[in-house]
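S.K.: Attaching a predicted model along with its sequence, questions to come.
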Amino acid sequence: MSLIEVKDLEVHYPIRSGFWNRVTDEVLAVDGLSLNIEAGETYGLVGESGSGKSTTGKSIVGLEKPTRGQILYKGKDITKPRNRRELDYNQDVQMIFQDSLSSLNPRKRIEDIIAEPIRNFEHLDKNQEKLRVLQLLDIVGLDADALYKYPHQFSGGQRQRIGVARAVATNPKLIVADEPVSALDLSVQAQVLNFMKRIQRDFGISYLFISHDLGVVRHMCDNIAIMHRGRLVEIGTRDDIYNHPMHIYTKRLLSAIPETSVEGRAEARAHREAVEREFQENQSRYYDKDGKVLPLVDVTDTHKVALPADEIDKEDK
Ligand SMILES: Nc1ncnc2c1ncn2[C@@H]1O[C@H](COP(=O)(O)OP(=O)(O)OP(=O)(O)O)[C@@H](O)[C@H]1O
């Protein structure tokens with residue numbers, strides 16, 4: 001059994017307008033999405049801004065209420081609050097955010113920020129609690145003097161470490177990491193990704209790693225789902241997605257990864273332009289008559305893509 005099974009998830013947001021603030025329309029932020037996250041793996045959810053990644057992550061954590069569909073944990077649907085309580089779901093599944101300055105309470109000291117989730121689930125005395133917080137700070141590579149400081153007294157990378165210490169405090173099985181390094185400099189990104197990997201190894205945690213950038217998730221993820229307009233357009237192992245991408249939208253995201261070598265840059269630009277031309281010229285191939293992404297079709301056991309079924313064999317897999 002997978003750790004988490006998301007089945008046909010839909011999340012609609014109401015749009016209100018007019019004097020009476022009535023609901024006049026809705027946004028289909030997530031429009032029928034299914035994926036499985038296995039124990040101990042990092043699962044990448046990648047797509048451009050507005051594709052529905054954060055809404056999916058928040059639904060899995062229980063911060064957003066699905067309109068339809070199921071999210072199964074240990075075989076039970078945690079969209080029902082009763083099951084969440086019974087399974088200690090709020091303890092087992094945690095979230096870290098991109099903007100650590102606004103997600104960590106600016107008026108609280110680090111000791112209280114990290115201790116807060118522990119207080120919700122365990123009854124430790126003051127000394128035991130402080131020891132636990134010190135251990136957690138040590139795990140994420142911060143000194144004991146961090147205890148008495150406030151979030152604004154740290155750099156962005158250090159604040160992400162504090163966010164991870166807080167998330168790890170309840171010994172979770174899954175951490176939903178929503179763009180955890182997007183706000184950081186490249187060199188700091190690498191450090192944070194490395195220590196997230198180490199913590200994963202040490203604690204056996206799974207990550208749902210949300211990003212708009214296929215470059216960032218490349219070395220982190222075992223499996224990757226590409227999201228577009230609230231649906232998945234391609235899903236596969238790291239090898240499927242990076243070495244055998246099939247959907248034009250995946251190819252566009254891959255072509256957007258910055259090329260570091262000077263020689264490679266002109267070639268990369270030409271490739272990006274060719275992918276863009278292919279996308280513009282074949283738009284109708286990728287959507288149904290209502291403009292929705294097509295259903296996923298199996299390519300192999302691990303690889304699925306949203307293309308017309310009769311075109312799959314023609315692809316250069
Ligand atoms: N609380 C909300 N109320 C109304 N619409 C919302 C709300 N939250 C998100 N949306 C809309 O739902 C769609 C998906 O948003 P979501 O934040 O899930 O996408 P995303 O892929 O995570 O993008 P980003 O990286 O920019 O956050 C967007 O059109 C967004 O404007």
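M.R.: Okay, I see it.
S.K.: Residue 123 belongs to a strand, doesn't it?
M.R.: No: secondary structure of residue 123 (DSSP: H, G, I helix; E, B strand; the rest coil): coil, not part of a strand.
S.K.: What is the burial count for it?
M.R.: 8 (other CB atoms under 10 Å). For every residue, glycine as well, the C-beta is placed using N, CA and C.
S.K.: separation between it and the ligand?
M.R.: 35 Å (CB to the nearest ligand atom, to the nearest Å).
S.K.: Model confidence score at that residue, please.
M.R.: For residue 123, the pLDDT comes out at 84.
S.K.: So which bits of the helix or strand where residue 116 lies are buried?
M.R.: In the assignment (DSSP states H and E), residue 116 maps to helix 110-121. Going by neighbour count (16 or more other CB atoms under 10 Å), the buried part of helix 110-121 is 110-111, 113-115, 117-118.
S.K.: just stretch 41-59 next, same as before
M.R.: 41-48, 51-59.
S.K.: So which of these reach the ligand?
M.R.: Among the buried residues of stretch 41-59, the residues within reach of the ligand (CB under 6 Å from any ligand atom) are 47, 51-55.
S.K.: Please render these as JSON lines that adds secondary structure and distance to residue 152 to the earlier fields.
M.R.: Shown next, in JSON lines, are those (DSSP: H, G, I helix; E, B strand; the rest coil; distance: CB to CB, whole Å):
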{"residue": "47", "secondary structure": "coil", "distance to residue 152": "32"}
{"residue": "51", "secondary structure": "coil", "distance to residue 152": "32"}
{"residue": "52", "secondary structure": "coil", "distance to residue 152": "32"}
{"residue": "53", "secondary structure": "helix", "distance to residue 152": "28"}
{"residue": "54", "secondary structure": "helix", "distance to residue 152": "24"}
{"residue": "55", "secondary structure": "helix", "distance to residue 152": "29"}
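S.K.: Same list (those residues) but as a markdown table, adding pLDDT.
M.R.: Below are these laid out as a markdown table (pLDDT from 0 to 100):
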| residue | pLDDT |
| --- | --- |
| 47 | 95 |
| 51 | 95 |
| 52 | 96 |
| 53 | 96 |
| 54 | 96 |
| 55 | 97 |
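S.K.: In CSV: the residues you listed, plus distance to residue 23.
M.R.: Converted to CSV, these look like this (distance: CB to CB, whole Å):
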residue, distance to residue 23
47, 26
51, 23
52, 20
53, 24
54, 22
55, 18
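S.K.: ok, of those residues, which one's closest to residue 99?
M.R.: residue 54 (11.7 Å; CB to CB).
S.K.: show me the contacts for residue 171.
M.R.: Counting by CB atoms under 8 Å, 6 or more residues apart in numbering, residue 171 touches 91, 203.
S.K.: mind checking how far it is from residue 10?
M.R.: 31 Å (CB to CB, to the nearest Å).
S.K.: Enumerate the residues of the stretch 151-300 of the chain near the ligand.
M.R.: So far as CB under 6 Å from any ligand atom goes, the stretch 151-300 of the chain lies against the ligand at residue 212.
S.K.: of all of the stretch 151-300 of the chain, which residue lies closest to the ligand?
M.R.: residue 212 (5.7 Å; CB to the nearest ligand atom).
S.K.: can I assume that residue is in contact with residue 50?
M.R.: No: with contact defined as CB atoms under 8 Å, residue 212 does not count as touching residue 50 (9.8 Å).
S.K.: who touches both of these two?
M.R.: In contact with both residue 212 and residue 50: no residue, using CB under 8 Å, 6+ apart.
S.K.: What are the buried residues along stretch 181-199?
M.R.: For stretch 181-199, the neighbour count (16+ other CB under 10 Å) marks 181, 183-184, 188-189, 191-193, 195-196, 199 as buried.
S.K.: For the protein, which segments count as strands?
M.R.: Secondary structure of the chain (DSSP state E): strands at 4-17, 22-37, 42-46, 68-73, 76-77, 93-96, 174-178, 206-211, 223-228, 231-237, 297-298, 304-305.
S.K.: Now tabulate those in a markdown table and tack on mean pLDDT.
M.R.: What follows is these, written out as a markdown table (pLDDT from 0 to 100):
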| stretch | mean pLDDT |
| --- | --- |
| strand 4-17 | 93 |
| strand 22-37 | 91 |
| strand 42-46 | 97 |
| strand 68-73 | 96 |
| strand 76-77 | 95 |
| strand 93-96 | 93 |
| strand 174-178 | 96 |
| strand 206-211 | 96 |
| strand 223-228 | 97 |
| strand 231-237 | 97 |
| strand 297-298 | 94 |
| strand 304-305 | 96 |
